[in-house]
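>>> predicted structure and sequence below. I'll ask about it afterward.
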Amino acid sequence: MSDLFLFGVKAWLGGHLNLGAWHGFQEVLYKEELHIKEIEFDFSLESGSYLNVILDKRKKGYTGLRFSVNQHLENIYFAISELGEFKKNKPISMPTRQVQFWHHVRLNFEDGMVSFFLDKEELGAFCESFFDQRRLGFRGGLRNALIDNVVIRELPQGTCY
């Protein structure tokens, strides 16, 4: 199924990665662990959808941010155990996002903090003991969540992928 998702036309809606393809709930992870300094990307959410940005995927779980336009799911910073249980769940106050509108996110990792910006406005920072190297990715729900223009800047050389 993963090959059908990755190489099929449904995964690339209008040239953008569509995490709602093939009945939704798709997850895309960068294969290798990276020394991340900064991540930037654009996203667009269909009505009722959400996007989880996975910041540090490990065998024992992961941490992330959820951007949501689903009335039943709030915007949060979270940590998930290896069993899928919430270990941390901190609500994030965000301006109302328009559905089917492109938003820009920038995440900075520095001195044990991750700070995040939505459409150039800083919305928060969280203390987190991230590993030096981490895997990152995106996970969607049932409805379309589109991703584009992903830029990863690494430490120490600042290599862009």
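Looks like it arrived, so ask away. Residues are numbered from 1 along each chain as shown.

>>> tell me who's in contact with Ser47.
Val69, Val99, Gln100, Arg143 (CB atoms under 8 Å, 6 or more residues apart in numbering). Where C-beta positions appear, they are placed from N, C-alpha and C, glycine not excepted.

>>> how many other residues sit next to the nearest residue to Leu34 once chain neighbours are set aside?
Excluding its sequence neighbours, the residue lying closest to Leu34 (CB to CB, 6 or more residues apart in numbering) is Glu154, at 5.5 Å. Glu154 has 15 neighbouring residues, counting by other CB atoms under 10 Å.

>>> what stretches of the chain score poorly on pLDDT?
1-10, 129-131, 157-161 (pLDDT under 70).

>>> list the contacts for the one residue sitting closest to the centre of it?
For the chain, the residue nearest the mean C-alpha position is Val53 (1.6 Å; CA atoms, centre = their mean). Val53 makes contact with Ile39, Gly64, Leu65, Arg66, Phe67, Val105, Leu107, Leu136, Phe138, according to CB under 8 Å, 6+ apart.

>>> the second one reaches Asn75, doesn't it?
Same thing as Gly64. No: contact between Gly64 and Asn75 fails when scored by CB atoms under 8 Å: they sit 11.6 Å apart.

>>> part of a helix, is Lys57?
No: looking at Lys57 with DSSP: H, G, I helix; E, B strand; the rest coil, it is strand, so not inside a helix.

>>> specify the local secondary structure of Gln100.
Under three-state DSSP, Gln100 comes out as coil.
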